[in-house]
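Student: Next input, structure requested:
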Amino acid sequence: MISKRSTKPAAGVADENEFGARPALSGSPRGSVGDELDDSERGLSVGVAAASMSAKAVNPWTALRLWVSITAMNNEPLSAPKRVRFVELSAKALRALADGDIAGGSAEAGVALDAQFVGERARWIFGYRADQLAKDPSAAPWITRAAVSEPDGVVVGDAGFHGPPDEAGMVEVGYTVVPGYRRQGYARAMLKALLVRAAADPDVRTVRARIDSRNTASLACIEGFGFTRIGEQGDERDGLTIIFEVPADAIQAG
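Tutor: Residues are numbered from 1 along each chain as shown. The predicted structure is shown next:
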């Protein structure tokens, strides 16, 4: 149950670690941000005003290949803007990863995936996503993808939505950054790309992000994207999850 709180903007100091809600290991397919693809970092939100991108004329994921860039976070060393593209993880790739087969998963995806993709928690998550696709193939355009840094072509994490927009037009996002690439601006690059994807779809009205209150990295990551705190779940003892949302038509570039 979400308890409503004051709608003040998201705040936090950066320490880019984890963001995005992953399915809880037992029970509900949704957990707190920083849950789903990481134990590391994930994000949630709706897209940046999708320039003149037409959802009908342009494949939303293909459009993301048109360089999604973002500057590094203020507390990170100055560097060139990060650019990422997303590579689909098919049902076969997801199943291979769930089985711990990094070679098979990489072959199916067509990119060399990081060992983190077959970590214990990641295997559970990818197995869950494979089952999700088996039950609902329409989820394929929305769920997790490998995030590839450009122009070097290195897989720096994974990102996606928990599924298609629900009956209210809400989507929830999650992402993870490979440990060796954290604190370099990739989390915000992935988040921005997801925002572009969501904003391009006329069925999306709201994007939600759930973040552990102790996760300062994720709290900092969503700053500048127009998110508002709308409530919370849990408690301080067992873990407080803060819930943020942003209307699709109010998305900011970040």
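Student: all helices of this protein, in order?
Tutor: Remark: helices assigned in the chain by DSSP state H are 60-63, 91-98, 102-109, 120-135, 186-199, 216-221.
Student: between these, which gets nearest to R85?
Tutor: Among these, the nearest to R85 by Cβ to Cβ is helix 186-199 (7.9 Å). Yep, even glycine has a C-beta here, placed from its N, CA and C like the rest.
Student: Only the buried residues of the closest one, if you could.
Tutor: 186-199 (16 or more other Cβ atoms under 10 Å).
Student: Check stretch 159-171 too.
Tutor: Applying 16+ other Cβ under 10 Å to stretch 159-171 flags A159, G160, F161, H162, G163, P164, P165, G169, V171 as buried.
Student: ditto for stretch 91-108
Tutor: Neighbour-count burial for stretch 91-108, counted by 16+ other Cβ under 10 Å, picks out A91, A93, L94, R95, A96, L97, A98, D101, I102, G105, S106, E108.
Student: what comes into contact with that stretch?
Tutor: Identification of contacts with stretch 91-108 by Cβ atoms under 8 Å, 6 or more residues apart in numbering yields 89-90, 109, 112-113, 115, 117-118, 122-124, 126-127, 129-130, 133-134, 140, 144.
Student: circling back: any chance of the buried residues of helix 186-199 in TSV, plus pLDDT and distance to E245?
Tutor: Compiled in TSV, those are given as follows (pLDDT from 0 to 100; distance: Cβ to Cβ, whole Å):
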residue	pLDDT	distance to E245
Y186	95	24
A187	93	19
R188	93	18
A189	94	22
M190	95	19
L191	93	15
K192	92	17
A193	92	19
L194	94	14
L195	88	13
V196	86	18
R197	92	17
A198	94	12
A199	91	14
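Student: so which pair among the residues you listed is furthest apart in space?
Tutor: Across the buried residues of helix 186-199 (Cβ to Cβ), the longest gap, 20.3 Å, separates Y186 and A199.
Student: Please pull out the lowest mean pLDDT helix or strand from the chain.
Tutor: Using mean pLDDT, DSSP states H and E, strand 68-70 stands out as the lowest-scoring helix or strand of the chain, at a mean of 42.
Student: From what I see, A109 and E88 are in contact.
Tutor: Yes: counting by Cβ atoms under 8 Å, A109 touches E88, with 7.4 Å between them.
Student: So these two - more neighbours on which side?
Tutor: A109 (23 against 16; other Cβ atoms under 10 Å).
Student: How about the contacts made by that one?
Tutor: A109 touches V87, E88, L89, S90, A93, A146, counting by Cβ under 8 Å, 6+ apart.
Student: mind listing the strands for this structure?
Tutor: Applying DSSP state E to the chain gives strands spanning 19-20, 68-70, 82-88, 145-149, 155-161, 170-177, 206-212, 228-235, 239-247.
Student: tell me the most buried of those?
Tutor: Greatest average neighbour count among the strands of the chain goes to strand 19-20 (a mean of 38), per mean count of other Cβ atoms under 10 Å.
Student: Local confidence estimate at D249?
Tutor: Note for D249: predicted pLDDT of 88.
Student: Contact partners for it?
Tutor: If a contact means Cβ under 8 Å, 6+ apart, then D249 has no contacts.
Student: Use 265 as the first number for this chain going forward.
Tutor: Okay, residue one is now 265; in that scheme the one you just asked about reads as D513.
Student: That one and G433: what is the separation?
Tutor: Going from D513 to G433 by Cβ to Cβ, to the nearest Å gives 11 Å.
Student: Could you dump the strands of the chain into JSON lines and include distance to A484?
Tutor: Shown next, in JSON lines, are the strands of the chain (distance: least, Cβ to Cβ, whole Å):
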{"stretch": "strand 283-284", "distance to A484": "9"}
{"stretch": "strand 332-334", "distance to A484": "13"}
{"stretch": "strand 346-352", "distance to A484": "16"}
{"stretch": "strand 409-413", "distance to A484": "19"}
{"stretch": "strand 419-425", "distance to A484": "17"}
{"stretch": "strand 434-441", "distance to A484": "14"}
{"stretch": "strand 470-476", "distance to A484": "10"}
{"stretch": "strand 492-499", "distance to A484": "14"}
{"stretch": "strand 503-511", "distance to A484": "13"}
